[in-house]
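In: Pasting the sequence and the predicted coordinates here, then a few questions.
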Amino acid sequence: MELKLVDPRALVENPDKARRSKSNPQADALLLATIKAVGIVQPPVVAPQPDGGNGFVIQAGHRRVKQAIAAGLEEITVIVGEAAEDGGAMRSLVETLAHEGLNPVDQWRAIERLVAIGWTEEAIAVALALSVRQIRKLRLLANVLPAMLDHMAKGDMPNESQLRTIAAASLEEQKEVWKAHKPSKGDPQVSWWSVANGLSKTRMYARDASFDDELREAYGISWVEDLFAPADEDSRYTTDVEAYLGAQQEWMTRNLPKKGVITEANTWGQPELPKKAERVYGKPKKSDHSAMYLDRDGKVQTVHFRMPEPKAA
């Protein structure tokens with residue numbers, strides 16, 4: 001690396017820079033005032049133009065270069081280094097995060113860009129001091145419908161629960177809901193509650209399933225991990241409610257005790273027992289019967305009941 005004096009206007013923008021949305025105006029004003037007073041404290045990092053060009057491409061320090069031009073500086077000191085294999089994408093992201101908080105949407109997109117140019121999720125996690133699970137979550141957000149992301153980048157963000165629902169939906173589903181709820185000139189604010197509500201689906205969780213992998217495969221159930229849930233809990237789920245309940249029903253049929261029956265839950269979530277049956281709340285006797293049913297969450301429940309003794313002839 002070497003220090004070099006260059007005209008900031010001659011520096012070339014890096015197409016892989018992390019910041020794509022507008023930076024904070026107050027932060028830009030403070031940076032401009034600092035440059036006017038004492039100059040650039042930390043020189044931007046540049047690399048020779050690829051393909052034999054004579055200029056330099058900014059690797060890190062786009063805001064410093066921009067404000068140096070605004071301050072009217074004819075020359076600034078830059079650090080000239082070798083061009084990174086990823087075009088400076090990781091360096092740009094790390095330096096941007098260090099100097100000013102990055103717009104969340106820019107961060108999501110920058111991480112997805114790193115993956116696209118060859119970075120592994122594990123390597124990105126180490127570089128940014130984040131967990132691999134968090135990187136996967138941010139990548140999921142980066143693949144939300146671009147029109148929604150563009151609007152979020154302006155500062156109108158849904159809450160985490162709404163983001164969770166939006167990110168779990170397919171792009172086609174997002175596109176249809178966005179048509180109905182996208183902002184207009186008269187109403188520039190998005191009702192994220194309405195967007196999330198339009199994409200909401202019932203989830204059936206793996207942790208509540210009694211069936212095994214054999215039945216799961218037979219019913220074509222695929223688990224999806226909820227990356228917004230705490231890392232220490234089993235958050236796998238499916239939105240294929242019909243297949244899930246079918247697998248649960250078959251499991252009950254296969255595991256029904258000799259004196260058992262399969263029943264349904266009533267309006268209040270309680271099992272519908274045979275007429276004259278008396279539910280047993282304590283320890284059941286050998287002569288007692290059992291009933292299996294699915295509760296409102298699709299989880300298998302078992303209760304015991306007792307039938308009245310037959311009357312003597």
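Out: The structure has been received and is ready for your questions.

In: For K4, see how far away the residue nearest to F228 when sequence neighbours are not counted is.
Out: In space, and not counting its chain neighbours, F228 is closest to R164: 4.3 Å by C-beta to C-beta, 6 or more residues apart in numbering. All C-beta atoms are positioned from the backbone trio N, CA, C, and that covers glycine. R164 is 48 Å from K4, where distance means C-beta to C-beta, to the nearest Å.

In: In the stretch 1-150 of the chain, what residue spans correspond to helices?
Out: Secondary structure of the stretch 1-150 of the chain (DSSP state H, counting those that start in this stretch): helices at 25-38, 62-70, 89-99, 104-116, 121-128, 132-142, 146-152.

In: what's the average pLDDT for the longest one?
Out: When pLDDT is averaged over helix 25-38, the result is 74.

In: helices or strands next to that helix in the packing?
Out: helix 62-70 (3 or more C-beta pairs under 8 Å, 6 or more residues apart in numbering; DSSP states H and E).

In: The helix it packs on relative to helix 25-38, how many degrees between them?
Out: Counting by axes from the mean of the first three to the mean of the last three C-alpha atoms, to 10 degrees, helix 62-70 points 60 degrees away from the direction of helix 25-38.

In: can you dump the C-alpha coordinates of helix 62-70 into CSV?
Out: Listed next in CSV are the C-alpha coordinates belonging to helix 62-70 (Å, rounded to 0.1, in the frame of the first residue of the first chain):
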residue,chain,number,x,y,z
HIS,A,62,-17.3,7.2,-0.7
ARG,A,63,-18.8,9.7,1.8
ARG,A,64,-15.3,11.2,2.5
VAL,A,65,-14.6,11.7,-1.2
LYS,A,66,-18.0,13.2,-1.8
GLN,A,67,-17.7,15.7,1.1
ALA,A,68,-14.1,16.5,0.1
ILE,A,69,-15.5,17.6,-3.3
ALA,A,70,-18.2,19.6,-1.6
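
In: Near the residue nearest to F228, how many other residues are there?
Out: 18 (other C-beta atoms under 10 Å).

In: Kindly report the same for R64.
Out: Neighbours of R64 (other C-beta under 10 Å): 23.

In: so how far is L128 from it?
Out: 22 Å.

In: Repeat that for L199.
Out: Applying C-beta to C-beta to L199 and L128 gives a distance of 29 Å.

In: Let's see the pLDDT reported for R91.
Out: pLDDT, read off for R91, is 64.

In: how many other residues sit next to V115?
Out: V115: 15 neighbours (other C-beta under 10 Å).

In: ok, it - contacts?
Out: E121, I124, R139 (C-beta atoms under 8 Å, 6 or more residues apart in numbering).

In: Wait, the first one touches V132, no?
Out: Yes. Contact criterion C-beta atoms under 8 Å: E121 and V132 qualify, at 5.3 Å.

In: How about stretch 140-152, which residues are buried there?
Out: For stretch 140-152, the neighbour count (16 or more other C-beta atoms under 10 Å) marks L140, L141, A142, V144, L145, M148, L149, H151, M152 as buried.
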